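Trainee: model this:
(chains A, B and C, ligands or ions: 2)
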Amino acid sequence: MIRLSNVSHAYDGEPVVDDASLSVEPGEVVAIIGPSGVGKTTLLRVLSLSLEPDAGTVELDGDSVWDADEDRRLALRRRVGMVFQDASLFDATVARNVEYGLRVRRGWNDRIRDGLRSVLGSNGTPRAVEEALDVVGLSDTLDQEADSLSGGEAQRVSFARALAYEPRFLLLDEPTSDLDPRNTGLIEDAIREARDRDIGVVVATHDMHQAERIADRVGVLLGDGFTEIGPTETIFEDPSDERTRKFISGELVY
Amino acid sequence: MPLEPVVGLLQGFLDLPFRDGYVPSVVYVSLYVSVIAVALSTLFSIPAALAMGFTDFPGKQFVKSVINTGMGFPSVVVGLLVLFAVSNRGPLGALDLVFTKEAMIMSQFVLATPPITAISLAAITGVSDNVRDAARVLGGTRLDTALVVIKEARYGIATAVLAGFGRAISEVGSVLIVGGNITGADGVSKTRTLTTAIQLEARQGRYETAMVLGAVLVAVVLTVNAIVVRLGDTGVNR
Amino acid sequence: MSKQRPGGREGAASRRAFLAATATGATGALAGCVGLGGGRSDDQRPGVAGETLTLTTTTSTYDTGLLDEIHPDFEDLYGATVDAVAQGTGAALETARNGDSDVVMVHARGLEDEFMRNGYGINRRDLMFNDFVIVGPEDDPAGIEGADSATEALATIADAGATFVSRGDNSGTHTKELNLWEAAGVDPGGDWYQETGTGMGEALNVATQQGAYTLSDRGTFISQRSEIDLVVLVQGPIEDGPEILANPYGIMAVNPGVHENANYDLAMAYIGWITSPGTQDAISNYQVNGEQLFFPEAVSEDPNFQQYVPEGWSNSSDSE
Ligand SMILES: Nc1ncnc2c1ncn2[C@@H]1O[C@H](COP(=O)(O)OP(=O)(O)OP(=O)(O)O)[C@@H](O)[C@H]1O
Ligand SMILES: [Mg+2]
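Mentor: Numbering: from 1, shown residues only, chains lettered A, B, ... in the order given. Ligands and ions are numbered 1, 2, ... in the order given. All right, here's what the predicted structure looks like:
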């Protein structure tokens, strides 16, 4: 379980997240919705254990992440995977990108041996890489350079890259913002499948229908902290917070 | 008529007034000194640029301005400083380094490090934070993250290395001072580089041979550039 | 003070070795040479084999190619390497002063004397000489050609305001030039007087391009004559010109008492070798463009004690 307790963060003195608390269990999908610039990405970076918040605690499976030492934190971080809003692929082939998480988890001896082999051109692609690309429908792009992919393809490769090393928690920042309906369906199926494999998923999205389709719970961020977190049905049918209701119904315009 | 200089150059190649082995040994010394100095500079500069790109520490701005000043540091001054250091009377006098390739490597190192660090730093700072974060979130260690950043910045770093190499191999003042421009009695260069050889020819008014050696220098620089660009394209990432 | 004469054992040994190697047949019979007769086999070489001698000298000496011509013989004989570094006279002496060279070969007696007085140099020998010439464009705008006096010629140039190129680099030639101006009673300066701060060869090129006068050592002038458009207007003593234009070269070892790392043995071997009759012959045989550049001065029947000490030094004079 990832648990954020009373997390606050400011960029250059400008508060972005204020006193936010959230916990995510394995096997559930949590959607975070809110207007642009409200701090969804910031929150995901905190959840991914790559951004230390100014205040509050971050726990993963009972360990307080920012109190642990560097090695422990690395081990904890390796239980999560993240898909970035802008894909953030490395300047390399699709195969190298998707393989990255697997590669850094191996010993240096193996990595050097693999490096030599790949220079000699006799390196096979790991099964997990092919499977992950299969999930996003891109198994034929293995050897393509990442910078030659379309925006939607890059987003799907980024998804495959996070999936390949089977993290226990998956953080998705607008994973379908560049996708057509068919590929959006593909990713949403993959999210459900991840939940079935007992992976905890957090999706930040602008698309309220998507949140309604895939989420078990929804958190509403409307400036500072969460205005409301609850089961999807409750949030959409019967929100207890007035601002949430206005945001859902589209009356609240930012 | 525009062909005239070319013809002159070709003729120059045919009847160079040098002993066998002289020009190759001069080219060898130039490459030996510059390549080793630039390799050492690179080994020093990239970690330094990574440290400056990734972390904040007091005095960082000052260090940056020192590096930027270093890029324009006159090479003769560097030569003099290194000479003072290695001279028999200097702090490193016991090592007996005056008029050796090692002393030349030291001064070239000092000259090449600022441009290599500064340009690498610009390249590394240009790598998007998200790519760095991606490496970390996907489970990379600090070293893995640094390697990703280096790979992303590889063209910029290659440019940095080439700029440093260009500065080192085309530099006259400091190598003349600390190296002494020495050729053995057998006509084989000990500390004579292409630049100091050109300077020697020009000093004696033999401008044609100086030009021919200049052409050799340009050819050497172009060749090294081509090799580095090739390596940057194919070797680093597949 | 050592009771040995300057050059002591090393000087003598080097001379024997040199003779052994050059005058093969005749000297083979001399008993004194038997021990060194096989000087070419490695195990019997002098103890300096494999070592490196750093010689600082002036650009004008170096650029004539003389050292390249004669050094292989030395290296062959002693199995040692000579690193010849060409600098201005001032720099050559400064390098030696810092203990960064073992032997200096320069041509500025005043500076050499100072170097010795300060204890840095010992065992000075007169080595060779050539002379300076005043050169300029063929049309000789100031009209100095054939002047008997170098100082008068310079004064004429200054009066005419004709362009004069000075080395301006604290070299032996530059020092000489300044001495000449002083003797001529002229304080050079102004538009017509240009300091280049470069070697002799470059100064000659600058003078050619500007149609200017300059002071050159004869050696550099001869070795470069084909590349430049300048002619000799005032000859030096070699061609019966004024004695004031003489250009004597001296050589001395760096004092191991001041710089203990100085390779004194090898330096003395070198001085012995270069002042030996054989090498002195080689110096006088060295020609560029068909002309002799240097005139040996080390081998003489007459004693010349002044070469060992600063000029004007006498035993009774002040002891510092
Ligand atoms: N590294 C940073 N430095 C300074 N300010 C930042 C930084 N990252 C984000 N911000 C600011 O923090 C606020 C929240 O940004 P964040 O990216 O978390 O929003 P978001 O909810 O993900 O928006 P969007 O829906 O547009 O992606 C914004 O005002 C943004 O400008
Ligand atoms: Mg965002």
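Trainee: all contacts plus neighbour counts: C-alpha atoms, from now on.
Mentor: Noted.
Trainee: pLDDT score for whichever residue of the stretch 151-254 of chain A sits closest to ligand 1?
Mentor: Nearest to ligand 1 in the stretch 151-254 of chain A, going by Cα to the nearest ligand atom, is A:H206, at a distance of 6.8 Å. A:H206 carries a pLDDT value of 87.
Trainee: just give me the neighbour total for the closest residue to it other than its chain neighbours.
Mentor: Ranked by Cα to Cα, 6 or more residues apart in numbering or on different chains and with sequence neighbours excluded, the top spatial neighbour of A:H206 is A:I33, at 6.0 Å. Counted with other Cα atoms under 10 Å in any protein chain shown, residues neighbouring A:I33 total 23.
Trainee: the one 4 residues further on too?
Mentor: Counted by other Cα under 10 Å, the residues lying close to A:G37 total 12.
Trainee: got the contact list for the closest residue to A:R78 other than its chain neighbours?
Mentor: Distances taken as Cα to Cα, 6+ apart put B:G139 closest to A:R78, at 4.8 Å, once the chain neighbours are dropped. Counting by Cα atoms under 8 Å, 6 or more residues apart in numbering or on different chains, B:G139 touches A:74, A:77-78, A:101, A:104-105.
Trainee: repeat for B:A160
Mentor: Contact partners of B:A160, counting by Cα under 8 Å, 6+ apart, are B:115-120.
Trainee: what's the neighbour count on C:D159?
Mentor: Neighbourhood size, C:D159 [other Cα under 10 Å]: 11.
Trainee: next one: A:G34
Mentor: A:G34 is flanked by 25 other residues according to other Cα under 10 Å.
Trainee: returning to that earlier point: among the contacts of B:A160, which are in helices?
Mentor: Secondary structure assignment by DSSP state H places B:115-120 of these in helices.
Trainee: looking at the chain, which helix or strand is least sure?
Mentor: Answering for chain A, as no chain was given. Ranked by mean pLDDT, DSSP states H and E, the weakest helix or strand in chain A is helix A:108-119, scoring a mean of 82.
Trainee: could you do chain C instead?
Mentor: Min over SSEs of chain C, mean pLDDT, DSSP H and E: helix C:24-28 (a mean of 37).
Trainee: what's around C:Q306, how many residues?
Mentor: C:Q306: 14 neighbours (other Cα under 10 Å).
Trainee: which one of the ones in helices among the contacts of B:A160 is nearest ligand 1?
Mentor: The nearest member of these to ligand 1, counting by Cα to the nearest ligand atom, is B:S120 at 22.1 Å.
Trainee: moving C-terminal of the least confident helix or strand of chain C, what's the next helix or strand?
Mentor: Sequence-wise, the next helix or strand downstream of helix C:24-28 (DSSP states H and E) is strand C:52-58.
Trainee: check whether that next one comes near chain B.
Mentor: No. Judged by Cα under 8 Å from any Cα of the partner chain, strand C:52-58 stays clear of chain B, getting no closer than 8.7 Å.
Trainee: ramachandran angles for the residue of the stretch 151-254 of chain A closest to ligand 1?
Mentor: Per-residue torsions, A:H206: phi -90, psi -20 (degrees, to the nearest 10).
Trainee: thanks again, I'm all set now.
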